[in-house]
Every structure is written in C-alpha cells, then in structure tokens.
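Chemist: What shape does this take:
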Amino acid sequence: MEFPRLIETNVKNYLFDNLQKCHQQKTTLYSWILNISVFTIFFIVLFTVLYFCRKRKLLPYELEEKQIKEQQYVLSKIREYKMEKTKKPQTMSAITNLPFTYDPDLKL
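Modeler: Numbering: from 1, shown residues only. You can find the predicted model right below:
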C-alpha cells in the first residue's frame, strides 16, 4: 500500500533548493561576522599591548634619574659596610659574639 503524497515532487525540490540557498547565505553571513569580529579583537589586543609596551619605556631623563638613584643606593651600602667594618675589629670573638677567654693550659 502506497502512502498519499501531499505535495508534488517539483514543489518539494524547489523548497529544498530554496532552503539550501538560505542555509548557505546564513552560513556565509555568520562566517563573515565571526571573521570580522575576531580580526577586530585581535588588532585591539595587539594595539593595546604595543601601546602599553611603548608607554612603559622610560624617557632619557627618567633613565638617568633611575641610574643616579641606583648608584646612590650602592654607594650608601658601601659606606655602611665600611663604617661597620671600622667599628668592629675582625676577630674570632667579634664574629661569634662570644667573650674571648684564654686558657694557658690548652694546647693547640
């Protein structure tokens, strides 16, 4: 027993082709939108990174100030070390902070 057909074959083919075309147009539109959005996001991120890298770079006078501060810091540490060295004589008791006792019976 054969089932009745409610639409003709030509109409069915026409609707199928029409739906295929609509699907293709929709797919191309979505792909264009996706590509353009990814492209813009990529360039926004790229330009942002480049901008902040350039902005972070020091100007020549700022670089000189930074070097002067570093030199002053190093010199102050050297001075502190020299002052500390002149205050304390370099002995074994100064290193261990123990009182120095001499035992004449001890033979080394």
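Chemist: tell me the contacts of the most centrally placed residue in the chain?
Modeler: Centroid check for the chain by CA atoms, centre = their mean gives residue 49 as the closest residue, at 10.0 Å. If a contact means CB atoms under 8 Å, 6 or more residues apart in numbering, then residue 49 has no contacts. C-beta here means a position set from N, CA and C on the backbone, and glycine is covered the same way.
Chemist: Look at it and report its pLDDT.
Modeler: The per-residue pLDDT reported for residue 49 equals 93.
Chemist: again, but for the one 4 residues further on
Modeler: You'll see residue 53 listed with a pLDDT of 86.
Chemist: Whichever strand or helix holds it: how far from the chain's middle?
Modeler: Applying DSSP states H and E as the criterion places residue 53 in helix 9-56. Averaging C-alpha positions (CA atoms, centre = their mean, to the nearest Å) puts helix 9-56 30 Å from its chain's average.
Chemist: Now find how far off-centre the helix or strand following it is within its chain.
Modeler: Per DSSP H and E, the first helix or strand lying C-terminal to helix 9-56 is helix 60-87. Chain-centre distance of helix 60-87: 31 Å, with CA atoms, centre = their mean.
Chemist: May I see the buried residues of helix 60-87?
Modeler: Buried residues in helix 60-87, counted by 16 or more other CB atoms under 10 Å: none are found.
Chemist: Can you tell me which helices and strands it packs against?
Modeler: Applying 3 or more CB pairs under 8 Å, 6 or more residues apart in numbering; DSSP states H and E, we find helix 60-87 packed against no helix or strand.
Chemist: model confidence over that helix, on average?
Modeler: Rounded mean pLDDT across helix 60-87 is 90.
Chemist: just stretch 30-41 next, same as before
Modeler: On average, the pLDDT along stretch 30-41 is 98.
Chemist: Give me the residues contacting that stretch.
Modeler: Outside stretch 30-41, no residue touches it (CB under 8 Å, 6+ apart).
Chemist: Name the residues of that stretch that are buried.
Modeler: Per 16+ other CB under 10 Å, stretch 30-41 contains no buried residues.
Chemist: Show the model's pLDDT score for the residue lying farthest from the centre of the chain.
Modeler: Largest separation from the mean C-alpha position in the chain: residue 1, at 72.4 Å (CA atoms, centre = their mean). Residue 1 carries a pLDDT value of 70.
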